[in-house]
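Chemist: starting from these lines, generate the structure:
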Amino acid sequence: MEYIQYCLYLSLAYYSIVILYLRYSLFNIPNKKNSNKDNVSIIIAVKDGSKSLDRLLKSLTQQTFHGKMEFIIVDDNSRDNSIEIIKHYIKKDKRIIFTQSNYGNKNLTHKKRALDAGIKIATGNILLFSDVDCILPNNWVDDIILNFNNNIDYVVGYSEVPNSYNFVTLFQKLDFFMLMNAAHASINLNWYWACSGQNQAYKKSVFKKNNGFNQIANCLQGDDTLFFQLSKKINKNMKAVFAFNKSNKVFCRKEKNIIAFLKQRIRWSGDAIKTWKFNKCFFLMSVFTFFTNLIIFLNLFLFIYQKISLNQFIIPLTFKFFTEYYFALKGMEIHNDRYSIFQFVFWFILQPIYIIIIGIGSFFQNHIAWKGEKNK
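Modeler: Purely as a prediction, here's the structure:
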């Protein structure tokens, strides 16, 4: 049992040092308000999005950005009436352009193929992305594009889960909040760990230098975090910034079903092992996060069966709690968000078993369907 505790202390020490360093690096970089005149192509892949399309297209056409922009909506083999809704809006606004995922690179799967089809016809030199079920503020394009200049190639925006009384959504909200905090801080450090396809933009030249999604064609995901990491590996001089404006939050879909939520997160983490090729620091942090939570969870049973003392169980758990809560408090300050101590404790208690399920489940990602289709 002593070896297990030594492993915990080692893993927890590495995990905590990194978290505290991220906290120190979590701050907003002032927006220089660049008067960017670049053309913008907003590209959104849609699969069975009829419930959200009307809201999405209205918010796109109401954007306050005064530069030239086009809205490329890519249908990814929808089985509902998504295409009819898109064509209806095309009649109202000629900036809306319709295409289908079939025109994307045949070697790509799922969302990457759909996005590739949209990028092929994009005329803008800045590509901006979100998801069909996201809620976009009217100044979304303005706020993201103003971060670009000759030195900035990639902009990662902030996303948030809407408030809900559903316990699954509450856990999702806090978990995603912590992920956004880590993404923000790591970009400030030029580590470039992660981003979200719900709110990101990059220059078209970045896509061309990467040879599109070809190097990550076999990955289940890959259109955001893996692409972000790949971009930095290929172009050492690439510069990214994290864009946050409290009046410009993108709200993503709420998950209310525990199975659907876990499937989503397993898909997200399914390609984590591949990050070893692109960002070893991120990969190591993922490994230490998994083993820290695994041993914390095992310690509960070791304590119940009197294999370890109360102090051996409580002290590491308490140290981990205060490290993460200290980080969360900084995130609340920077991202203008608030969570009660009870909400955080709820997330903290469930986190170890959640991490274990996601970590083990990631090895079975190919057996998990994405909107009715399994990875091939």
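Chemist: hey, which helix or strand in the chain has the poorest pLDDT?
Modeler: Sorting the helices and strands of the chain by mean pLDDT, DSSP states H and E puts helix 258-269 at the bottom, at a mean of 90.
Chemist: give me the distance from that one to the chain's centre.
Modeler: Mean-position distance between helix 258-269 and its chain equals 13 Å (CA atoms, centre = their mean, to the nearest Å).
Chemist: and A240, what does it touch?
Modeler: A240 is in contact with 152-156, 187, 192, 228, 232, counting by CB atoms under 8 Å, 6 or more residues apart in numbering. Any C-beta I mention is one placed from the backbone N, CA and C, and that applies to glycine too.
Chemist: please report how far the nearest residue to it once chain neighbours are set aside lies from I187.
Modeler: Distance criterion CB to CB, 6 or more residues apart in numbering; nearest residue to A240, sequence neighbours excluded, is Y154 at 3.8 Å. Y154 is 9 Å from I187, where distance means CB to CB, to the nearest Å.
Chemist: okay, and the common contacts of the two?
Modeler: 240-241.
Chemist: the following helix or strand past the least confident helix or strand of the chain vs helix 258-269, what angle?
Modeler: Downstream of helix 258-269, the next assigned helix or strand under DSSP states H and E is helix 280-304. Here helix 280-304 runs at 140 degrees with respect to helix 258-269, directions being taken by axes from the mean of the first three to the mean of the last three CA atoms, to 10 degrees.
Chemist: coming back round to it: the residue nearest to A240 touches N235, doesn't it?
Modeler: No: counting by CB atoms under 8 Å, Y154 does not reach N235; the two are 9.7 Å apart.
Chemist: more neighbours: which of those two?
Modeler: Between Y154 and N235, Y154 has the larger neighbour count (other CB atoms under 10 Å), namely 24 against 15.
Chemist: just the buried ones from the contacts of A240, in PyMOL syntax?
Modeler: The following PyMOL line selects those of the contacts of A240 that are buried, judged by 16 or more other CB atoms under 10 Å:
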select buried, resi 152+153+154+155+156+187+192+228+232
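Chemist: for F98, state which of the contacts of A240 is nearest.
Modeler: Set against F98, the nearest of the contacts of A240 by CB to CB is V155 (25.8 Å).
Chemist: could you say which helix or strand holds the closest residue in space to F213 that isn't next to it in sequence?
Modeler: Excluding the flanking residues, the one nearest F213 by CB to CB, 6+ apart is K112, at 4.4 Å. K112 belongs to helix 110-121 when assigned by DSSP H and E.
Chemist: ok, the following helix or strand past that helix: who's next to it in the sheet?
Modeler: Using DSSP H and E, the helix or strand that directly follows helix 110-121 along the chain is strand 126-129. Using DSSP bridges, strand 126-129 pairs in its sheet with strand 40-46 (parallel), strand 200-203 (antiparallel).
Chemist: so how far is the helix or strand that the last one is followed by off the chain centroid?
Modeler: Downstream of strand 200-203, the first helix or strand assigned by DSSP H and E is helix 204-209. Taking CA atoms, centre = their mean, the mean C-alpha location of helix 204-209 is offset from the chain mean by 20 Å.
Chemist: again with stretch 350-365
Modeler: Per CA atoms, centre = their mean, the centroid offset for stretch 350-365 relative to its chain is 17 Å.
Chemist: tell me the mean pLDDT for that stretch?
Modeler: Across stretch 350-365, the average pLDDT comes to 90.
Chemist: quick one: the helix holding K112 to strand 40-46, angle?
Modeler: 150 degrees.
Chemist: tell me which residues in helix 110-121 are buried?
Modeler: Under 16+ other CB under 10 Å, the buried positions of helix 110-121 are 110-119.
Chemist: show me where the protein has helices.
Modeler: All helices of the chain, identified by DSSP state H, fall at 2-24, 50-61, 82-92, 110-121, 140-145, 167-188, 204-209, 225-234, 258-269, 280-304, 310-334, 341-361.
Chemist: make a markdown table from the ones you listed and add distance to P30 to it.
Modeler: Shown next, in a markdown table, are the helices of the chain (distance: least, CB to CB, whole Å):
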| stretch | distance to P30 |
| --- | --- |
| helix 2-24 | 18 |
| helix 50-61 | 27 |
| helix 82-92 | 36 |
| helix 110-121 | 31 |
| helix 140-145 | 13 |
| helix 167-188 | 12 |
| helix 204-209 | 24 |
| helix 225-234 | 23 |
| helix 258-269 | 31 |
| helix 280-304 | 26 |
| helix 310-334 | 13 |
| helix 341-361 | 29 |
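Chemist: what's the least confident stretch among those?
Modeler: helix 258-269 (a mean of 90).
Chemist: in that one, which residues are buried?
Modeler: For helix 258-269, by 16+ other CB under 10 Å, it's 261-269.
Chemist: do the same with stretch 119-138
Modeler: Residues of stretch 119-138 classed as buried by neighbour count (16+ other CB under 10 Å): 119, 122, 124, 126-137.
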